[in-house]
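In: Let me see the structure of the following:
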Amino acid sequence: MSRPIVIKAENVSKLYRLGQVGTGTLSHDLKRWWARSRGKEDPYLKIGVENDRTQKGGSDYAWALQDISFQIEQGDTLGIIGKNGAGKSTLLKILSRVTSPTKGDIKVKGRIASLLEVGTGFHPELTGKENIYMNGAILGMTKKEITRKFDEIVDFAGVAMYIDTPVKRYSSGMYVRLAFAVAAHLEPEILIVDEVLAVGDADFQKKCLGKMGDVASHGRTIIFVSHNMQAVQSLCKTAIYLKAGKMEDIGRTDKVINNYLSREIKNCLGRSWSPADAPGNDAVSLLRAEIISTEKDDVITVNTPIDIEFEFQLKTQTNLNLSLIMNTVAGNCIFNVGTPSKPMAPGRYSSRLTIPGMFMNDDIYSINLIFVKDTSAHMLYLEDLLTFEVVENAREGNWFGKWPGAVRPNFEFTLG
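Out: Okay, here's the model as predicted:
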């Protein structure tokens, strides 16, 4: 049985004028009026450039969004992903009715609560308590309904001590905690959350994701924008991938994320530094990190054995061990492996980790390296040193799609 559609976007586009707003707009407005009076299309809709921040445009106008179409059923959880400047926040503002599309239509059925930036919908001069009641009233809640939820909101936000203090005196973390608590607890039919949760600490982010999952389980709709692919994958059933204002993909979340990462993440199989520029500190510095394989053109398949090599300069006498963490770029840890701890004098050293073929699954991976003193004290932590993609062996193929699981080891498995 199909569920009712709560949001429907049809060919939504948003055009912004570049440069100083208000300069020379009278002539543009007159040209628009003249075009409309003759039944013609707005002439400036034809000259807007694509929203590519890295290139200087040849027009005074840029498309933040172009021809975005999708629909969301009641109870769906939709993630929106893409690089900075892809149009994610613009789309959320249109869905939240903060701004209107230049072209196209948005149809929304139900009350929307939006958390687009720190303090969305809050009045800085009002107290936390007053803002809760004001936001509830905006959402169409009665005073009795808000009072029933009040203690739960304050407890979730963890701001009981400051609830009678004007929110202009809140820290950014307190602001976000209270804003999210209000948005999630006042029972909107549609909850829209932007990357603003990144302001909070790890425990609060986990708490928010759990709350959004609970909201979704009660049949309400969630739209979630984040650069944290692991959070998007754990929360959202479907996803949209935006690039330069255009919709590149829509569908099952894991499929869309893999498509996004394969297009946006570039291989980095080797890095080296001079001693003067090497990342590090007074105890240790890294001189080289490299992934070595036997494949040509830097293509690593699931069958390819690889060696991960490091060269480093140790500057003090230390009981040292190295810890290597391999993550997918979506944020899932595949393994964490360490060397034995051993006393080492100052000097230049190297280390190597060998990963056999038929162990890694087809995915995109990043390497973190930790220098550890006395098995517990971190001397140096280097994230995302190397990035590489493992692809399916084209000669074997894989008729059912991506091989399931974090790894795909070639264990002996007999029959009969």
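In: okay, now the domains of this protein?
Out: If you go by automatic domain parsing, the domain ranges for the chain are 5-10+71-264, 270-391.
In: how far does the shortest one sit from the chain's center?
Out: This points to domain 270-391. Taking C-alpha atoms, centre = their mean, to the nearest Å, the mean C-alpha location of domain 270-391 is offset from the chain mean by 25 Å.
In: now the end-to-end length of that domain.
Out: 19 Å (C-alpha to C-alpha, to the nearest Å).
In: all strands for the stretch 201-350 of the chain, in order.
Out: With DSSP state E, counting those that start in this stretch as the criterion, the stretch 201-350 of the chain has strands at 221-225, 238-243, 246-252, 270-272, 284-293, 300-301, 306-314, 318-328, 333-338, 342-344, 347-355.
In: who touches the third one?
Out: Pointing back at strand 246-252 there. Strand 246-252 is contacted from outside by 50, 65-70, 82, 87, 237-242, 255-256, 259-260, 263, using C-beta atoms under 8 Å, 6 or more residues apart in numbering. Every C-beta, even on glycine, is put in place using the N, C-alpha and C of the backbone.
In: now do the longest one
Out: With contacts defined as C-beta under 8 Å, 6+ apart, strand 318-328 is touched by 283-284, 308, 310, 314, 333-344, 351, 353, 363-375, 379, 406.
In: Would you reformat the strands of the stretch 201-350 of the chain as CSV and include mean pLDDT and mean neighbour count?
Out: CSV is the format used below for the strands of the stretch 201-350 of the chain (pLDDT from 0 to 100; neighbours: other C-beta atoms under 10 Å):
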stretch, mean pLDDT, mean neighbour count
strand 221-225, 90, 24
strand 238-243, 93, 23
strand 246-252, 92, 17
strand 270-272, 94, 13
strand 284-293, 94, 18
strand 300-301, 89, 21
strand 306-314, 96, 18
strand 318-328, 93, 19
strand 333-338, 92, 12
strand 342-344, 94, 11
strand 347-355, 96, 13
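In: At the geometric centre of the protein, which residue do we find?
Out: By C-alpha atoms, centre = their mean, the chain has its centre lying nearest to His227, at 1.1 Å.
In: Grab the longest strand from the chain for me.
Out: Assignment by DSSP state E gives strand 377-391 as the longest strand of the chain.
In: Can you check what angle separates that one from strand 306-314?
Out: Inter-element angle recorded for strand 377-391 and strand 306-314: 150 degrees (by axes from the mean of the first three to the mean of the last three C-alpha atoms, to 10 degrees).
In: Now do strand 377-391 against strand 318-328, angle only.
Out: Using the same axes, to 10 degrees: strand 377-391 against strand 318-328 is 30 degrees.
In: residues of strand 377-391 that come out buried?
Out: Buried residues in strand 377-391, counted by 16 or more other C-beta atoms under 10 Å: 379-380, 382, 385-390.
In: Next: stretch 262-276.
Out: Of the residues in stretch 262-276, 264, 269 count as buried by neighbour count, 16+ other C-beta under 10 Å.
In: Quick check: end-to-end length of it?
Out: 34 Å.
In: what about the helices in the stretch 1-150 of the chain?
Out: Assigned by DSSP state H, counting those that start in this stretch, the stretch 1-150 of the chain shows helices spanning 25-37, 88-95, 128-138, 143-157.
In: Of those helices, which is nearest Ala231?
Out: Taking C-beta to C-beta as the criterion, helix 88-95 is the member of the helices of the stretch 1-150 of the chain that comes nearest to Ala231, at 14.3 Å.
In: sorry, back to before: let me know the closest of the buried residues of strand 377-391 to Arg3.
Out: Distances from Arg3 to the buried residues of strand 377-391, taken as C-beta to C-beta, are shortest for Glu389 (37.0 Å).
In: OK, contacts around the nearest residue to that closest one once chain neighbours are set aside?
Out: The shortest distance from Glu389 to any residue other than its chain neighbours is 4.8 Å, reached at Ile364 (C-beta to C-beta, 6 or more residues apart in numbering). The contact partners of Ile364, by C-beta under 8 Å, 6+ apart, come to 261-262, 265, 328-329, 387-390.
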